[in-house]
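Enquirer: what's the 3D shape of this:
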Amino acid sequence: VEDSNLSIQIEGCPTIREQDGLAMSSRNRLLPPADRQQAKCVYESLEQAQEMVHAGECNTQKIIQKMRQHLHQSGGKIDYVALVNPQTLQPVMHINAEVIGLVAVKIGSIRLIDNRLIRVNAGENSLRQ
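Expert: Alright, predicted model coming up:
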């Protein structure tokens with residue numbers, strides 16, 4: 001929008017989530033019960049990233065490796081896992097400011113995507129936002 005000089009304003013809003021954290025999506029209804037249970041690994045991996053940053057981890061490769069490990073152990077077929085700059089969406093190597101965690105994974109035959117703002121020095125109250 002900015003590069004094209006469009007007179008459009010993009011407003012971010014919180015992701016609406018199911019009880020277990022999975023982002024609400026019509027795709028969720030296509031998941032068989034066993035796959036639906038597996039699918040919560042997407043949200044869990046994003047929460048894990050926030051917890052690692054809150055604990056002081058700044059190396060994005062270590063965080064991404066842990067996220068990928070969790071998704072893989074949960075049976076997900078990973079398309080991508082990334083930690084990026086919120087303005088440019090370029091990958092970040094070292095976290096010293098907010099980043100966005102991005103995940104795309106296939107659970108069974110359904111591709112699920114999710115994202116989460118990862119805050120530096122996040123308190124306990126921000127972990128569930």
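Enquirer: now do G21 against V81, distance only.
Expert: Distance of G21 to V81, computed by C-beta to C-beta, to the nearest Å: 17 Å. C-betas here are computed from N, CA, C, even on glycine.
Enquirer: before we move on, what about M67?
Expert: 5 Å.
Enquirer: of the two, who's got more company?
Expert: Using other C-beta atoms under 10 Å, the more surrounded residue of M67 and V81 is M67, with 26 against 22.
Enquirer: what helix or strand does the more buried one sit in?
Expert: Using DSSP states H and E, M67 maps to helix 60-73.
Enquirer: for that helix, packing partners?
Expert: Where contact means 3 or more C-beta pairs under 8 Å, 6 or more residues apart in numbering; DSSP states H and E, helix 60-73 is packed against helix 33-54, strand 77-84, strand 99-107.
Enquirer: quick one: the nearest residue to M24 once chain neighbours are set aside from R111, how far?
Expert: Using C-beta to C-beta, 6 or more residues apart in numbering and skipping residues adjacent in sequence, the residue nearest M24 is I16, 4.7 Å away. As judged by C-beta to C-beta, I16 and R111 stand 19 Å apart.
Enquirer: who has more neighbours out of the two?
Expert: The neighbour count for I16 versus R111, taken as other C-beta under 10 Å, is higher for R111 (12 against 8).
Enquirer: beta partners for that one?
Expert: R111 forms beta bridges with K106, as assigned by DSSP bridges.
Enquirer: from G12, how far off is it?
Expert: 23 Å.
Enquirer: next, the most centrally placed residue in the chain: phi, psi?
Expert: In the chain, the residue lying closest to the centroid (C-alpha atoms, centre = their mean) is N115, at 3.4 Å. Torsion angles at N115 (phi, psi; degrees, to the nearest 10) stand at phi -150, psi 160.
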